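Undergrad: Fold the stuff below for me.
(4 chains)
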There are 2 protein chains.
Amino acid sequence: MPTIKDVALAAGCSTATVSRALANPEKVTEATRKRVASAIAKVGYSPNLAARNLRRSESRTIVVLLPDIANPFFSEIIAGLEDVAHREGYRVLLGDCEHDTGRAKAYFDLLPTNQADGIILLTAEIPLSLVTQQARGSQIPLVMACEYFDHLALPTVRIDNPLAAARAVEYLSSLGHRRIATITGPMQNPICIDRVKGYQSEMARQQLAVNPGWIVEGDFGFLSGYQQGQLLLALPPEARPSAIFCHSDEMAIGLMKAARDASVRVPEDLSVIGFDNIGLSEYCQPELTTVSQPRDEIGRCAMRLLLDVLRKKQVPHQQVLSTQLIVRASTAQAPKP
Amino acid sequence: MPTIKDVALAAGCSTATVSRALANPEKVTEATRKRVASAIAKVGYSPNLAARNLRRSESRTIVVLLPDIANPFFSEIIAGLEDVAHREGYRVLLGDCEHDTGRAKAYFDLLPTNQADGIILLTAEIPLSLVTQQARGSQIPLVMACEYFDHLALPTVRIDNPLAAARAVEYLSSLGHRRIATITGPMQNPICIDRVKGYQSEMARQQLAVNPGWIVEGDFGFLSGYQQGQLLLALPPEARPSAIFCHSDEMAIGLMKAARDASVRVPEDLSVIGFDNIGLSEYCQPELTTVSQPRDEIGRCAMRLLLDVLRKKQVPHQQVLSTQLIVRASTAQAPKP
DNA sequence: TTGTGTAATGTAATCCATTACATTCAAGCA
DNA sequence: TGCTTGAATGTAATGGATTACATTACACAA
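TA: All right, here's what the predicted structure looks like:
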């Protein structure tokens, strides 16, 4: 592999000039710039980034931590993230924590050794100490997206979860539903708490009673939707919900399967609302009514925010993007009692 | 950030000894090793990998190129890949080519500059020149998984596609189906050609005629399954297939939606088989009969193979893993004519 | 013509870990 | 005792790009 020395030799100048021609073209004569350019082409040079990174103490690599690559919810966020990163000359190192906190630490350790310049967190399922420690001492560039930590003012891109949940409940209520349940994500998760709060406040606003058994916890996956769905559908008739708001589309689809198994018709007997609007939600049976998040835009925003942090720009601490209720075929008028 | 010098100072020895204590402990006295270890702990040292990589001309990073992160088919492969890589001290840089060949080149360019040590290709949708050029000249460590190139003897992990397709057709035939169609993936893709060959040879073996209109091309996505499904279901009754074998689960699910829209019942009027056994296939309506691939194992194999290549071990050129037909509710006896 | 300022370029130190080669020291043997 | 041998450790070169500082060259003014 040719080095900058070979280029300097071929262009008849010093390595410093070659380096400048590449990094600060305005500091070099038009003529030299051309000579360097053709020398680079001739010897087939491309810079050794390990050397550059060593010298510059940067890596142009951004770590993106997420709980589970297999979750389709994240794929579009990642696509958005990556696109912005590539345009700006950064690489993305995807870190799947698989709900395993040891992994997260390994990724955080890339920062002090200049293997990564910053981190985007798509999960709050990591030891809080990693974040606080870093954020206090060395001011590690860190941006959160979707999720957030309760007591930390980290730059964050997110949606208005209480509002989104309230809207879903409001819609169900407008269809005449009075017994509305919810299958949440993991409740150690602030966004799930927010959605439950939104659910509760809207239920109150609509003067609907909430049976404590109507708030059940899932883990965002198909199976938990199925299992918790079975539980809800097994409630005695007077307590059985006629509508269920799920914190993810996968759980909503699992729930709809539970409904089929129990001969409960969706939407005639039971209305279902999901969350995320994943690709699948248009192809399941019945098509799923869901709360859509601007996933691509969340990814883009988060990456832009992080790059701004790296460039020491002032950044807004909270960026809130809007959601949209997409009405499809899994919701209908409440059944007559 | 403390460097190896600080450790040497704290341990009262030279940097060389520190380095050796870390890399070749057997070359250092027990006593020194302990002194170094506690010095490292005291100053909080961790090696600067940019410097190490520069010196060693390696990066311990593996690039994994795939056509589309958003496709859930890949997620489990990636999980397997990553797990093996982490255990062996390698990092995985995920490259989404988004069917855009320029991106692929950018990732290949990481190799000569020691930013990556090897590549795993989960897609054949890249300029062939990248592969041939590299493989010839510098013998770039490259392993393919799932897909393969026709005329190149690259180390490859894959399934027996013709056999898997033949088994699916054989099963449909055993249910009494005689008009069996197939919705393929992109036909520039060798694995799709293989599956079509398997389909054709099994049709011949079962002495079933193949209407040329029964082989239609999709792109693995929901929508193409839906659209091509509409086409197949619009054929005149005597040519209309009673069973359709799809090259992906997403297309099969799209097809089932087309069937619903056309009031064709699955499986009573139409049997559907998918491919991949993605998580969703158990939760759609009806549950999907499909050909399961050992995705996790494919990922693991591919990574192990690549690491063997890097370590200059002899590696088998082809590793063929077995598939399994998973029978669920989307297939049934052929309707009486 | 000499002097001053500035733009262009060169020289060499620097980033940090690794490792070839050099040195030290002690044990073992004649 | 003197010499060999090998283990343990040290010294310094190395990898390749960047950049502070030094030098050169050239334009323009006095």
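Undergrad: Now do the contacts for whichever residue of the stretch 151-300 of chain A sits closest to DNA strand D.
TA: Nearest residue of the stretch 151-300 of chain A to DNA strand D: residue A:155, at 26.1 Å (C-beta to the nearest atom of the strand). Just so you know, the C-beta spots here come from the backbone N, C-alpha and C atoms, and that holds for glycine as well. Applying C-beta atoms under 8 Å, 6 or more residues apart in numbering or on different chains, one finds that residue A:155 lies in contact with A:142-144, A:305-306, A:309, A:315-319.
Undergrad: between the residues you listed, which is nearest residue B:45?
TA: Using C-beta to C-beta, residue A:142 is the member of the contacts of residue A:155 that lies nearest residue B:45, at 23.1 Å.
Undergrad: Tell me, how many residues neighbour that closest one?
TA: If you count neighbours by other C-beta atoms under 10 Å in any protein chain shown, residue A:142 ends up with 23.
Undergrad: is it in a bridge, and if so with what?
TA: residue A:119 (DSSP bridges).
Undergrad: Identify the residues contacting it.
TA: A:118-121, A:131, A:134-135, A:154-155, A:306, A:309.
Undergrad: Could you pull out the strands in the stretch 201-337 of chain A for me?
TA: A:215-217, A:243-246, A:271-276, A:289-292, A:318-321, A:324-326 (DSSP state E, counting those that start in this stretch).
Undergrad: what pairs with residue A:321 across the strands?
TA: Counting by DSSP bridges, the residues bridging with residue A:321 are residue A:159.
Undergrad: Go ahead and confirm it touches residue A:159.
TA: Yes. Residue A:321 is within contact range of residue A:159, at 5.5 Å (criterion: C-beta atoms under 8 Å).
Undergrad: so where's chain A shaky on pLDDT?
TA: A:99, A:133-139 (pLDDT under 70).
Undergrad: near DNA strand D, which residues of it?
TA: A:1, A:3-5, A:15-16, A:19-20, A:22-23, A:45, A:47-48, A:51-52, A:54-56 (C-beta under 7 Å from any atom of the strand).
Undergrad: In the stretch 201-337 of chain A, what residue comes closest to DNA strand C?
TA: For the stretch 201-337 of chain A, C-beta to the nearest atom of the strand, closest residue to DNA strand C: residue A:310, 18.7 Å.
Undergrad: what sits against that residue?
TA: Residue A:310 neighbours (C-beta under 8 Å, 6+ apart): A:117-118, A:141.
Undergrad: Tell me how far it lies from residue B:219.
TA: 37 Å (C-beta to C-beta, to the nearest Å).
Undergrad: of all the contacts of residue A:310, which comes closest to chain B?
TA: Relative to chain B, the closest of the contacts of residue A:310 is residue A:117; by C-beta to the nearest C-beta it sits at 11.8 Å.
Undergrad: which ones are touching that closest one?
TA: By C-beta under 8 Å, 6+ apart, the neighbours of residue A:117 are A:58-62, A:90, A:111, A:141, A:310.
Undergrad: got the contact list for residue A:199?
TA: Per C-beta under 8 Å, 6+ apart, neighbours of residue A:199: A:165-166, A:168-169, A:180, A:182, A:215, A:245.
Undergrad: what about burial for these, which qualify?
TA: A:165-166, A:168-169, A:180, A:182, A:245 (16 or more other C-beta atoms under 10 Å in any protein chain shown).
Undergrad: Considering only those residues, which also neighbour chain B?
TA: Checking the buried ones among the contacts of residue A:199 against chain B by C-beta under 8 Å from any C-beta of the partner chain, not one of them is in range.
Undergrad: Of those, which belong to helices?
TA: A:165-166, A:168-169 (DSSP state H).
Undergrad: circling back: find the nearest non-adjacent residue to the residue of the stretch 201-337 of chain A closest to DNA strand C, please.
TA: Among residues not flanking residue A:310 along the chain, residue A:141 sits closest, at 5.3 Å (C-beta to C-beta, 6 or more residues apart in numbering or on different chains).
Undergrad: My read is that that neighbour contacts residue A:309, right?
TA: Yes. Residue A:141 lies in contact with residue A:309 (C-beta under 8 Å); the separation is 4.6 Å.
Undergrad: of those two, who's got more company?
TA: residue A:141 (23 against 20).
Undergrad: In contact with the more buried one, which residues?
TA: Residue A:141 neighbours (C-beta under 8 Å, 6+ apart): A:117-119, A:306, A:309-310.
Undergrad: what do you get if the cut-off is 7 Å, keeping everything else the same?
TA: Residue A:141 makes contacts with A:117-118, A:306, A:309-310, as judged by C-beta atoms under 7 Å, 6 or more residues apart in numbering or on different chains.
Undergrad: could you dump those to TSV with distance to residue A:237?
TA: Output for the contacts of residue A:141, formatted as TSV (distance: C-beta to C-beta, whole Å):
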residue	distance to residue A:237
A:117	58
A:118	54
A:306	52
A:309	55
A:310	58
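Undergrad: Which members of the residues you listed are the farthest-apart pair?
TA: A:117 and A:309 (9.7 Å).
Undergrad: and stretch A:93-113 with DNA strand C, contact?
TA: No. Using C-beta under 7 Å from any atom of the strand, stretch A:93-113 stays clear of DNA strand C, with a minimum separation of 7.8 Å.
Undergrad: one step back: got the buried ones among the contacts of residue A:199 as a markdown table, with distance to residue A:189 columns?
TA: Below are the buried ones among the contacts of residue A:199 laid out as a markdown table (distance: C-beta to C-beta, whole Å):
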| residue | distance to residue A:189 |
| --- | --- |
| A:165 | 13 |
| A:166 | 18 |
| A:168 | 18 |
| A:169 | 19 |
| A:180 | 21 |
| A:182 | 14 |
| A:245 | 16 |
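Undergrad: Pick the one among these closest to DNA strand C.
TA: residue A:165 (48.4 Å).
Undergrad: And for the closest one, nearest residue in space, chain neighbours not counted?
TA: residue A:198 (3.2 Å).
Undergrad: What is the burial count for that neighbour?
TA: 23.
Undergrad: before we move on, which element is it in?
TA: Counting by DSSP states H and E, the element that carries residue A:198 is helix A:190-205.
Undergrad: Mind listing what's buried along that helix?
TA: A:190-196, A:198-200, A:202-203.
Undergrad: and it, how far from the chain's centre?
TA: 21 Å (C-alpha atoms, centre = their mean, to the nearest Å).
Undergrad: So what angle separates the directions of it and strand A:271-276?
TA: With axes from the mean of the first three to the mean of the last three C-alpha atoms, to 10 degrees as the basis, helix A:190-205 and strand A:271-276 are set at 150 degrees to each other.
Undergrad: Counting by contacts, list what whichever strand or helix holds residue A:62 packs against.
TA: Using DSSP H and E, residue A:62 sits within strand A:61-66. In terms of contacts (3 or more C-beta pairs under 7 Å, 6 or more residues apart in numbering or on different chains; DSSP states H and E), strand A:61-66 is packed against helix A:72-87, strand A:91-96, helix A:101-108, strand A:118-121.
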